[in-house]
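J.: coordinates only, sequence not included:
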């Protein structure tokens, strides 16, 4: 085994001579596949130490097509090491590093062809041509960046102006809320005073109304007793003062399901577990169950449950239709305001009913004054709620991250669209992403504003999360990759993974000079 190794090294000696130490566009000697920045680590005048420090070998072992170092650092110019790295100088274009497994594999990976040195003339040097194209593209991007940076400065100015305006508006709203709270408190005191007088004046009327209700209820009860007694007597065939199961079996009205007979289930419905009922039990228990059936038989009314069923169906359909609208995305404060307004509407209806009654002049005056006070308090409360909703909205906007210099502030809420063959995509910045089929149907939420998520540059990626759930899958989400451009627009939309969408967006807000300078400074070796 040792003999074979040395024989291999001997036969590769010629290769070592040609690939160990070469001069590549420089007076600094370095092995093939080594970058200029690492040339000092490969000195032919001394032994070579692997980069991981584990082994030191004679320099002649470098690039001898045998892997001596665990980290592959001794074979930068051959494919002997699986983890080796070959450096393409690519003079005239940008340098690059490729896996050493691609060296001498018959495929030209380096534009200067240096990775295929074992087969001369297999690769033509295209670096100059590619370099010219790359430099032209870089020049174009630089011009776009310069022009975009001027627009970005305008966005920064407008963003800071907007932020200052919101801060001033917030301060004014805080003052307005304090004043509105004061007015609300005054209106509440006035309402309580007038309601106290109103209640005192209406006490006589309410007592009279209560007496009238009781009198009416007593009369209705008497009528019910008379009516029930008449039917009891009619059903009590033997006049013994008891109504038996046998006696009701011959009366059609007790046949609830109209199948021609009064069965055991129907007798239990009217009598319970009793075999018979007396007149008092009939009036108290049986008659309330029997009267609706009797009235139905006489065609006097439809069962209440039928009307309620129809109303319930309509209400359910309306509710379901309401739930399909965009109101599901309503902000909490707006929902609270709507619910409160609905409650206010019910109170106003009750007040209108109270005002519709007839009282003496003095009492009517007190009722009108109290009603006006209640309305004024309702208006004052609504004003306070609206101001508080506006304050919450402005505070949320002030807390949003619109970039280091507020360059994104004026873009909040701006909606951009992109169409492909099937869908129309809409990105509303800092709000949501949606998708709608061109064939119709409702919008599908692809995510709501989440956070900035760039790695090197925080403001280069947006995340929109917690969209509509996929069928048997997660909630949809969207990643927005941002680049510099002269206008804010969507370049493409794709779905690289199920329920995960990717949008390419360009905008002047991303034309940051500092980032552009850093990109230009990360130049390649030539």
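T.: Yep, that arrived. Keep in mind it's a predicted model, so treat the numbers as computed, not measured. Residues are numbered from 1 along each chain as shown.

J.: mind listing what residue 233 touches?
T.: Neighbouring residues of residue 233 by C-beta atoms under 8 Å, 6 or more residues apart in numbering: residue 239. Bear in mind the C-beta positions are built from the backbone N, C-alpha and C, glycine included.

J.: and it, that one's in a helix?
T.: Yes - with DSSP: H, G, I helix; E, B strand; the rest coil as the criterion, residue 233 is located in a helix.

J.: For residue 136, see how far away it is.
T.: According to C-beta to C-beta, to the nearest Å, residue 233 stands 111 Å off from residue 136.

J.: how many neighbours does the closest residue to residue 473 other than its chain neighbours have?
T.: Distance criterion C-beta to C-beta, 6 or more residues apart in numbering; nearest residue to residue 473, sequence neighbours excluded, is residue 499 at 5.2 Å. Look at residue 499: counted by other C-beta atoms under 10 Å, it has 18 neighbours.

J.: cool, and residue 471?
T.: Residues near residue 471, counting by other C-beta under 10 Å: 5.

J.: mind listing the strands for this structure?
T.: 48-49, 56-57, 85-88, 96-99, 242-244, 276-278, 415-419, 423-428, 432-437, 444-452, 461-465, 477-484, 489-497, 500-507 (DSSP state E).

J.: Now tabulate these in CSV and tack on mean pLDDT.
T.: Below are the strands of the chain laid out as CSV (pLDDT from 0 to 100):
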stretch, mean pLDDT
strand 48-49, 96
strand 56-57, 95
strand 85-88, 96
strand 96-99, 95
strand 242-244, 91
strand 276-278, 91
strand 415-419, 96
strand 423-428, 96
strand 432-437, 96
strand 444-452, 96
strand 461-465, 97
strand 477-484, 96
strand 489-497, 96
strand 500-507, 97
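
J.: For residue 481, list the residues it contacts.
T.: Contacts of residue 481 by C-beta under 8 Å, 6+ apart are 460-461, 502-505.

J.: Filter those down to the buried ones.
T.: 460-461, 503-505 (16 or more other C-beta atoms under 10 Å).

J.: ok, so of the contacts of residue 481, who is nearest residue 452?
T.: Using C-beta to C-beta, residue 461 is the member of the contacts of residue 481 that lies nearest residue 452, at 6.9 Å.

J.: need the contact list for the closest one.
T.: Taking C-beta under 8 Å, 6+ apart, one finds 452-455, 479-482 in contact with residue 461.

J.: Specify the beta-bridge partners of it.
T.: Here residue 461 sits in beta bridges with residue 481, as judged by DSSP bridges.

J.: With the one 4 residues further on instead?
T.: The residues paired with residue 465 through beta bridges, assigned by DSSP bridges, are residue 448.

J.: what number of residues lie near it?
T.: 17.

J.: How about residue 198?
T.: If we define neighbours as other C-beta under 10 Å, then residue 198 has 22 of them.

J.: Skip the chain neighbours and tell me the closest residue to it.
T.: residue 370 (3.9 Å).

J.: So the one you found is in contact with residue 193, correct?
T.: No - applying C-beta atoms under 8 Å as the test, residue 370 and residue 193 come out as separate, 9.1 Å apart.

J.: and those two? which has more neighbours close in?
T.: residue 370 (25 against 13).

J.: rewinding a little: contacting residues for the residue nearest to residue 198?
T.: 191, 194-195, 197-198.

J.: hmm, try it at 6 Å
T.: 194-195, 198 (C-beta atoms under 6 Å, 6 or more residues apart in numbering).

J.: ok, residue 32 touching residue 77?
T.: Yes - in this structure, residue 32 is within contact of residue 77 by C-beta atoms under 6 Å, at 3.3 Å.

J.: When these two are compared, which one has more neighbours?
T.: Between residue 32 and residue 77, counted using other C-beta under 10 Å, residue 77 has the larger neighbour count: 30 against 22.

J.: For residue 176, the count of nearby residues, please.
T.: Neighbour tally, residue 176, other C-beta under 10 Å: 17.

J.: next one: residue 274
T.: 16.

J.: Quick check: the gap between residue 214 and residue 421.
T.: 75 Å.
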